[in-house]
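1. Need the 3D shape of this:
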Amino acid sequence: MAQYDEIEAVVGNQRKKIWVLVGIAGLGVAGVAAYRMIPRGIGQPEEADKVLIVHDMGGGSAAYLGGYGFEAVTGSFEAWQKGIPEKWPEMAGKEIGLPEIMAFADYGGYGYVAFENPERFDFSVLEVEPAPSYDAHTRFAVLSAGDFAFPHAFTKNPEPSAVMDGRGLDLMRALFEQERIAETLDPGGASMDGVQLRSRISRAVDEIEQLAVLEEKVEKIRFETIEALQPKSPTKDAQIRLADGVTEGSSALPLADGRVLLVSQAVSMTSENGIRLDMEVSRDYSLRALPIEGSGDADSRQACPEFLSGSLPRAERLATEGARDGSAVLVRTATEGFHLWSFDAKAGPCGLKDAGALEMPEDWGGYAAVEGTQVATKVLEDGEAVVDVVDIEGGHRRLGFVPSEGTKSLTWLDDKHLVLVSYADWQTVGLVFLSVDRPDLALEMRVPALSNIYELQPVSGGDQPVLIVRTREGGTNELVRLDFKRSWDDFFESPARLAGSEDRVREDLPTVVQIDPVVAQPTTIVSIEAEMKPFDVSPDGKWATYTSFADDRKEVSLVAIPAAGGEKQAPLPVTRDELYDRDVRFTRDGKRLVWRTEHELGDVNGTLYSVRSVELADLIGG
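-> Predicted structure coming up:
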């Protein structure tokens, strides 16, 4: 491979290398001047598959074209200034500029001269049509030479393809803008010369034609994906909308006033071999907000410069966890560690303001629950469930220490109380209630009527506390309402001990008290014979939403929450398709459902998570 300042020559398709550029007597400067005046090429007959390249970013272009059937030579402008007199003795001692390079190409039979980064040259010394102009994406310009010139036909590379890109391809596409080479793309209408040229550069023709096929395929995939992701809901024909771009992978985080934070990575459908499409993921996260007002689709998104400058390199390994009420977001990055961002509606489109760094426990285990300026984590330590609560002021409390073989959902009940799902053994599940104001006490309640509790959430408002829990028994999954007869403060002031139980008292550790489950009244909300995934409760406590999976259906569902002791409810299907939906949430103003949908892009290698949304009023009326 030639070096930067050398002239590199490559011949494709086993054709001979031709250097007929010497022994031309008496040309000199006068000859060059005469060259500018004559209406036809001189020297070797021009061939449309012979290209002289003036590169700017190093060699390799000639080798690229050679692989597609062209015969090419390449060198930097400085290399040509040095090399032309060596190959053409009559030019010794003469200043070599653009006219001399074009004359050199003419004598060598090169039909075209390609200039990399052409804006650095003044083409006004040549007769060129149309007048040169450049776009931001212009990498190569091509001038016809010799018999193909007078005037020199100017072309440039089109906008780079998102499917196939590269310096060599830009050069080849600039060449295919030239009339004689473009003719090879229409074999039915090509002249005899065009047919012969097509035969010689058949690999290049195939590449350009296949690029067009792939670009058309990509557009078809985009259209079909948008159609698949934006159907009408089976309930009242409510319109489901795609909240991010069709070629973006995103997660959605509801914020306090109803807007939604979207953390996205763009993907491209690209091809390395011109045949198979692959998914290429962007190196950056983009951070945008879905505003309260508007359609709720991708066009309504707003950039969030106030939050991590609106974008972040993927190398930062961004991770987020939001407070259930959207009042705060825990953010982890590789360089800054953990920071807590508080919601402030006036801070910008995302409404997030850096509240400060947070020192997380070393063994925090990857699970965090956020509430205001506090973050709770859970860990198993020597056979006991332990909850750590840290805050941005450096506070650190350790709660729990309840015998356990495993834990699941950890949730804030309010700004002082938490509940944890804990397994005393793998057959006995219980709810562990904790208080940051009473680190000396842990209350454990086992509910015989409920087995395999996987997740729970509190219901806002109301005179007495309410929890919604997700349970499973065999193939049956249920959402159950638990109504408590006492406030969380009363729970800890005077615990309702289970008759016959003994407190677990240890020095310097919390006392564990068994609570009588009679304090919680269960009411089944919905029961399904399908796998149920994480659920959410509307801010007004009237609705629950979840995703479910069975052999014959995959659905996002909405269900009304009955009053205590009320009847089981029939769910409303929000979606009913073969797409894999998950992480469904209500916006914090209660107006929308948002969720992530895993899907493919046609037959492209890879999958995406796209965010979809629907207006709640369109599902239930009102």
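
2. and Arg288, how many neighbours?
-> 25 (other CB atoms under 10 Å). C-beta here means a position set from N, CA and C on the backbone, and glycine is covered the same way.

3. Could you measure from the nearest residue to it once chain neighbours are set aside over to Gly59?
-> Once flanking residues are discounted, Arg288 sits nearest to Arg301: 4.4 Å by CB to CB, 6 or more residues apart in numbering. For Arg301, the distance to Gly59 (CB to CB, to the nearest Å) stands at 43 Å.

4. Ranking helices and strands of the protein by mean pLDDT, which lands last?
-> Every helix and strand of the chain was ranked by mean pLDDT, DSSP states H and E. The lowest is helix 28-37, at a mean of 41.

5. Quick check: next helix or strand after that helix?
-> Counting by DSSP states H and E, the next helix or strand C-terminal to helix 28-37 is strand 47-55.

6. Which strands or helices does that following strand pack on?
-> helix 61-66, strand 71-76, helix 98-108, strand 110-116, helix 192-200 (3 or more CB pairs under 8 Å, 6 or more residues apart in numbering; DSSP states H and E).

7. mind listing what it pairs with, with the direction of each?
-> strand 71-76 (parallel), strand 110-116 (parallel) (DSSP bridges).

8. which one of those lies closest to Leu211?
-> Of all the strands paired with strand 47-55, strand 110-116 sits nearest to Leu211, with 18.5 Å by CB to CB.

9. After the closest one, which helix or strand is next?
-> Following strand 110-116 toward the C-terminus (DSSP H and E): strand 128-129.

10. Beyond that following strand, next helix or strand please.
-> By DSSP H and E, the next helix or strand past strand 128-129 is strand 140-144.

11. quick one: contacts of the helix or strand following that following strand?
-> Using DSSP H and E, the helix or strand that follows strand 140-144 in sequence is strand 152-156. Strand 152-156 has contacts (CB atoms under 8 Å, 6 or more residues apart in numbering) with 102, 118, 123, 126-135, 138, 140-145, 174-175, 177-179.

12. what about 6 Å?
-> 126, 128, 130, 132, 138, 141-144, 174, 177-178 (CB atoms under 6 Å, 6 or more residues apart in numbering).

13. same deal with stretch 294-307?
-> Here stretch 294-307 has contacts from 241-242, 244-245, 287-291, 310, 347-350, 352, 613, using CB under 6 Å, 6+ apart.

14. I'd like to know which of those are buried.
-> 241-242, 244-245, 287-291, 310, 347-350, 352, 613 (16 or more other CB atoms under 10 Å).

15. Taking those together, which two end up most distant?
-> For the buried ones among the contacts of stretch 294-307, and using CB to CB, no pair is farther apart than Leu242 and Ala347, which are 26.8 Å apart.

16. Bridged to the nearest residue to Ser527 once chain neighbours are set aside, which residues?
-> In this structure, Ser527 finds its nearest non-sequential neighbour in Glu478, 4.6 Å apart by CB to CB, 6+ apart. Note on Glu478: beta-bridge partners Thr471, Ser527, judged by DSSP bridges.

17. quick one: Glu478 from Gln521, how far?
-> With CB to CB as the criterion, Glu478 and Gln521 are 15 Å apart.

18. Those two: which is more packed in?
-> Shown here are Glu478 and Gln521; by other CB under 10 Å, Glu478 has more neighbours (18 against 15).

19. where in the chain is pLDDT low?
-> Low-confidence segments of the chain (pLDDT under 70): 1-43, 552, 622.

20. helix/strand/coil for the residue nearest to the spatial centre of it?
-> A centroid search over the chain (CA atoms, centre = their mean) returns Gln265, at 1.9 Å, as the residue closest to the centre. Assigned by DSSP: H, G, I helix; E, B strand; the rest coil, the conformation of Gln265 is strand.

21. I'd guessed it sits against Arg283; true?
-> No. With contacts counted by CB atoms under 6 Å, Gln265 stays clear of Arg283, the gap being 8.6 Å.

22. Just want the angle from the host helix or strand of Ala79 to helix 98-108.
-> Element membership of Ala79, judged by DSSP H and E, is helix 77-87. Calculated by axes from the mean of the first three to the mean of the last three CA atoms, to 10 degrees, helix 77-87 forms an angle of 50 degrees with helix 98-108.

23. what comes up buried for helix 77-87?
-> 77, 79-81, 83-85.

24. again with stretch 316-333
-> 316, 318, 320-333.

25. Regarding stretch 514-533, how distant is the last residue from the first?
-> Stretch 514-533 has an end-to-end distance of 30 Å (CA to CA, to the nearest Å).

26. which residues are contacting that stretch?
-> In contact with stretch 514-533 (CB under 6 Å, 6+ apart) are residues 443-445, 447, 449, 475-485, 496, 498, 501, 546-550, 559, 561, 564-565, 568-569, 571, 582.

27. Which of the residues you listed are buried? Put it as a PyMOL command.
-> Restricted to buried positions by 16+ other CB under 10 Å, the PyMOL selection for the contacts of stretch 514-533 reads:
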select buried, resi 443+444+445+447+477+478+479+480+481+482+483+484+496+498+546+547+548+559+561+569+571+582
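
28. Let's see which of the contacts of stretch 514-533 end up in strands.
-> When the contacts of stretch 514-533 are checked against strands (DSSP state E), the matches are 443-445, 476-484, 546-550, 559, 582.

29. Return the distance of the residue lying closest to Pro45 once chain neighbours are set aside relative to Lys50.
-> Nearest residue to Pro45, sequence neighbours excluded (CB to CB, 6+ apart): Gly109, at 5.8 Å. Noted for Gly109: a distance of 6 Å to Lys50, by CB to CB.
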